[in-house]
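> have a look; sequence and predicted model below, questions after that.
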Amino acid sequence: MKSSAQVVVVGGGVVGASVLYHLTRAGWTDVVLLERKQLTAGSTWHAAGGMHTLNGDPNVAKLQEYTIKLYREIEEASGQSCGIHITAGVDLAGTPERMDFLKLACARARYLGLDMEIISIDEAAKIFPLMDKRHFIGALYNPLEGHVDPAGVTQAYAKAARNLGAEVYRFTRVTELHPRVDGSWDVITDKGNLNAQHVVNAGGLWAREVGRMVGLELPMLAMASERRTNLRRKEKARALPARFRDGFVLAGSVMADLPMWHSSAQIVAVNAPPCIMAKVGPSGRP
Ligand SMILES: Cc1cc2nc3c(=O)[nH]c(=O)nc-3n(C[C@H](O)[C@H](O)[C@H](O)COP(=O)(O)OP(=O)(O)OC[C@H]3O[C@@H](n4cnc5c(N)ncnc54)[C@H](O)[C@@H]3O)c2cc1C
């Protein structure tokens, strides 16, 4: 392992790998990523890989659009497939309030240059036939939606960064971080130490523990993600994502090439009454 670097990124999930790539693209090539296990060993390994541009925060929506377009760039830069499937998707409204939100989101998305459209529930049902129209009053159609392979994306970021000079050390756990008087950091690992001008905490689920190494108590907490499955329907709906988020609910995103529990997990709610829909995360976001 080298003994010094301009930047050390702690954590080899999709975020750490993305930071590494963006640093190299900005010309910071003396950069290192340290991962305690394999790349993607944290949340990234579990992600269903669903991607969309609908978000209550316009900046995040624009960032999501940027990321979706970036996947092609890193595929070219790395030669590694990201498993991109742009299927388009529909967001469903079951209440007038939800419909208002979708109209607002649509108007804002168009202002940001995103190509979304409000469609009737009949049109939505044509696109996504498994839907039970009785539960919904309208929908938002988003052509820039689909799914990727999160492991492929992470590897593509890492490879593209390596091509520009970055180094990635796997099976290297950061155990301590010590500041020096010159403002740099001694990064202590179970495989040796190195000095860094900057340290990036991309520890994901473990970011709180990494923060504690420098006396920071980051307000982060791992939350449960509850999903229900209906294996019988999985074969019928390998088309496009359909979501219904009122009451923190999500349904219908189908990833044909991801593990079974992903493809089956998110589809159950399509014809089900809202009370048994899959609940995803504390914020209702995937
Ligand atoms: C079931 C599930 C489904 C999801 N579905 C989606 C989806 O459809 N779409 C979507 O956009 N997002 C989805 N997500 C969220 C997405 O997975 C996460 O937002 C993303 O993976 C977070 O990446 P990360 O790099 O921040 O964290 P992680 O992937 O957790 O990476 C952190 C890394 O840091 C390493 N690490 C920790 N401590 C140390 C240390 N001391 N030294 C060295 N390395 C260390 C870990 O080993 C790990 O590899 C889903 C998440 C889950 C759990």
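Perfect, I can see it now.
> by residue count, what's the longest strand in this structure?
strand 192-201 (DSSP state E).
> could you check how far that strand is from the centre of its chain?
26 Å (CA atoms, centre = their mean, to the nearest Å).
> any bit of it sitting next to the ligand?
No: no part of strand 192-201 sits near the ligand under the criterion CB under 6 Å from any ligand atom; the closest distance found is 8.8 Å. The way it works is simple: take the backbone N, C-alpha and C, and place the C-beta from them, glycine included.
> same for that strand, what does it pack against?
strand 4-10, strand 185-189, helix 207-212 (3 or more CB pairs under 8 Å, 6 or more residues apart in numbering; DSSP states H and E).
> list the strands paired with the second one, with their directions.
Which is strand 185-189. strand 174-179 (antiparallel), strand 192-201 (antiparallel) (DSSP bridges).
> among those strands, which comes closest to Leu104?
Proximity to Leu104 (CB to CB) singles out strand 192-201 among these, at 34.3 Å.
> between strand 4-10 and that closest one, find me the angle.
Counting by axes from the mean of the first three to the mean of the last three CA atoms, to 10 degrees, strand 192-201 lies at 60 degrees to strand 4-10.
> where along this structure do the strands fall?
So, for the chain - with DSSP E - the strands run 4-10, 31-34, 50-51, 85-86, 89-93, 117-119, 138-142, 146-147, 167-169, 174-179, 185-189, 192-201, 242-243.
> distance to Glu73 and mean neighbour count for those strands - can I get that in a markdown table?
A markdown table is the format used below for the strands of the chain (distance: least, CB to CB, whole Å; neighbours: other CB atoms under 10 Å):
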| stretch | distance to Glu73 | mean neighbour count |
| --- | --- | --- |
| strand 4-10 | 19 | 22 |
| strand 31-34 | 18 | 26 |
| strand 50-51 | 15 | 24 |
| strand 85-86 | 15 | 16 |
| strand 89-93 | 22 | 26 |
| strand 117-119 | 27 | 16 |
| strand 138-142 | 21 | 23 |
| strand 146-147 | 17 | 24 |
| strand 167-169 | 19 | 18 |
| strand 174-179 | 29 | 15 |
| strand 185-189 | 29 | 19 |
| strand 192-201 | 21 | 18 |
| strand 242-243 | 27 | 27 |
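> could you dump these to CSV with mean pLDDT?
Putting the strands of the chain into CSV (pLDDT from 0 to 100) gives the following:
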stretch, mean pLDDT
strand 4-10, 97
strand 31-34, 98
strand 50-51, 84
strand 85-86, 88
strand 89-93, 87
strand 117-119, 94
strand 138-142, 91
strand 146-147, 86
strand 167-169, 98
strand 174-179, 97
strand 185-189, 97
strand 192-201, 97
strand 242-243, 54
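> which of these sits closest to Pro58?
Using CB to CB, the nearest of those to Pro58 is strand 138-142, at 14.8 Å.
> who does that closest one pair up with?
In the sheet, strand 138-142 lines up against strand 89-93 (antiparallel), strand 117-119 (antiparallel) (DSSP bridges).
> out of those, which comes closest to the ligand?
Proximity to the ligand, assessed across those by CB to the nearest ligand atom, is greatest for strand 89-93 (11.7 Å).
> tell me the residues of this protein that contact the ligand?
10-16, 34-37, 41-44, 46-50, 173-174, 202-206, 210, 225, 286.
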